[in-house]
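Asker: here is my input, please return the structure:
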Amino acid sequence: MRKFYYSKKNHTVNVWVKQYAEFVTDGFIEITPEEYNKYWLAQAPDGKRLAINKYPFVLEDIPQPTFEELSLIEKQWRDSELSIYIDHFQKPLVWGDLTADEQSKIADYRRLLLDYPQSEDFKTQTRPVRPDVPPLK
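Answerer: Numbering: from 1, shown residues only. The predicted model follows:
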């Protein structure tokens with residue numbers, strides 16, 4: 001028969017067969033198979049996670065990122081769009097191969113990206129959409 005133990009020292013669950021259970025030292029708590037199954041094998045509901053370093057096991061809310069953290073993510077995305085996508089199309093050989101309509105769409109997209117952090121869309125993380133132009137080569 002297997003026995004389940006929670007280590008208070010390193011916050012792990014250990015499974016031993018009965019004959020090795022006598023070697024369990026201080027710092028281990030025997031847990032039931034139900035606890036093991038419920039908290040270590042099952043998926044936590046959306047928005048929840050197993051609380052770290054807690055016994056008895058509890059589910060806690062997953063912390064949501066702050067507005068500042070979300071802002072940083074959005075600015076990094078915007079910067080990558082400018083440095084990869086826009087810079088590619090502004091190379092003279094690539095720019096010259098585009099039609100006037102495609103050049104206008106890319107210029108408009110660049111302006112949207114530059115204005116994005118100050119726009120209302122930034123607060124809701126509604127990113128500007130790439131224009132329908134030839135893909136990167």
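
Asker: where do the domain boundaries of the chain fall?
Answerer: The record, using automatic domain parsing to delimit domains, assigns the chain the ranges 2-61, 67-123.

Asker: what about the helices in the protein?
Answerer: For the chain, the helices defined by DSSP state H occupy 33-36, 67-80, 87-89, 92-97, 100-115, 120-123.

Asker: shaky segments in this protein?
Answerer: Low-confidence segments of the chain (pLDDT under 70): 11, 16-26, 39-43, 52-53, 55, 136-137.

Asker: one more pass at 90, please.
Answerer: Residues of the chain that meet the criterion pLDDT under 90 lie in 1-65, 84-86, 90, 93-94, 123-125, 132-137.

Asker: for residue 103, what are its contacts?
Answerer: residue 95 (CB atoms under 8 Å, 6 or more residues apart in numbering). For every residue, glycine as well, the C-beta is placed using N, CA and C.

Asker: gap between the closest residue to residue 110 other than its chain neighbours and residue 31?
Answerer: Spatial nearest neighbour of residue 110, chain neighbours left out: residue 86 (5.0 Å); criterion: CB to CB, 6 or more residues apart in numbering. When distance is defined by CB to CB, to the nearest Å, residue 86 is 55 Å away from residue 31.

Asker: more neighbours, the two?
Answerer: residue 31 (20 against 15; other CB atoms under 10 Å).

Asker: excluding chain neighbours, what is closest to the more buried one?
Answerer: residue 4 (4.7 Å).
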